[in-house]
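Chemist: Fold the following for me, if possible:
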Amino acid sequence: MAKPKVSSDWCAGCSGCHMSFLDMDERLLELVNLADIRATPFTDLKHPDEDGVQIGIIEGGINNLTHIEVIKRMRERSKYLVAFGDCAVFGGVPAMRNFFDLQETLRYAYIDTISTDESGKIPNDPEVAVMTRVQAISEVVKVDVFLPGCPPSADAIFYTLSELAKGRMPKLTGDLLNWH
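Modeler: Below is the predicted model of the structure:
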């Protein structure tokens with residue numbers, strides 16, 4: 001039987017969750033025996049473009065229209081979608097800007113302060129253009145597994161991915177998630 005494919009991508013956030021993935025250390029070798037790791041921090045391939053992914057991992061909050069495309073594509077191609085880290089689960093740090101007026105914030109960032117862009121304009125690039133508010137992944141697509149933490153522990157990541165690779169839904173406990 002073929003090993004399940006694991007693929008990941010990310011939106012707005014710090015990428016700390018992907019770094020925690022690498023904290024699995026030698027357990028990565030055990031995971032490689034269970035799953036075909038296609039696009040993850042292990043392979044450093046961003047925005048995977050293949051079908052038939054059994055386990056899709058998405059990190060970060062949704063900040064722009066490009067992020068919506070990324071998560072919809074991952075949802076369509078994945079049997080299981082894992083919201084990976086606090087930013088993906090509830091918006092996390094990127095969602096802190098939801099408490100401020102977006103246009104005032106952009107004007108301050110691009111016009112009222114010293115900037116490398118001397119045009120005196122707010123950029124109009126789809127990669128930069130931000131939505132009115134940061135959203136959690138589950139506000140746009142169905143999420144099968146929520147893996148909270150900033151970042152989630154390497155133990156929680158390994159457990160979640162190995163259970164899904166074995167065809168079982170993980171049962172995440174407070175101890176595994178470092179909730180004491």
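
Chemist: Strands along the protein, start to end?
Modeler: 5-10, 36-39, 53-59, 78-84, 145-147 (DSSP state E).

Chemist: Need these in JSON lines (columns: mean pLDDT and distance to Arg133).
Modeler: From N, CA and C alone the C-beta is placed, and that goes for glycine too. Output for the strands of the chain, formatted as JSON lines (pLDDT from 0 to 100; distance: least, CB to CB, whole Å):
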{"stretch": "strand 5-10", "mean pLDDT": "85", "distance to Arg133": "19"}
{"stretch": "strand 36-39", "mean pLDDT": "78", "distance to Arg133": "28"}
{"stretch": "strand 53-59", "mean pLDDT": "88", "distance to Arg133": "18"}
{"stretch": "strand 78-84", "mean pLDDT": "92", "distance to Arg133": "17"}
{"stretch": "strand 145-147", "mean pLDDT": "92", "distance to Arg133": "20"}
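
Chemist: and of those strands, who's closest to Ala109?
Modeler: Closest of the strands of the chain to Ala109 is strand 5-10, at 21.8 Å (criterion: CB to CB).

Chemist: Tell me the strands beside the closest one, with direction?
Modeler: strand 36-39 (parallel), strand 53-59 (parallel) (DSSP bridges).
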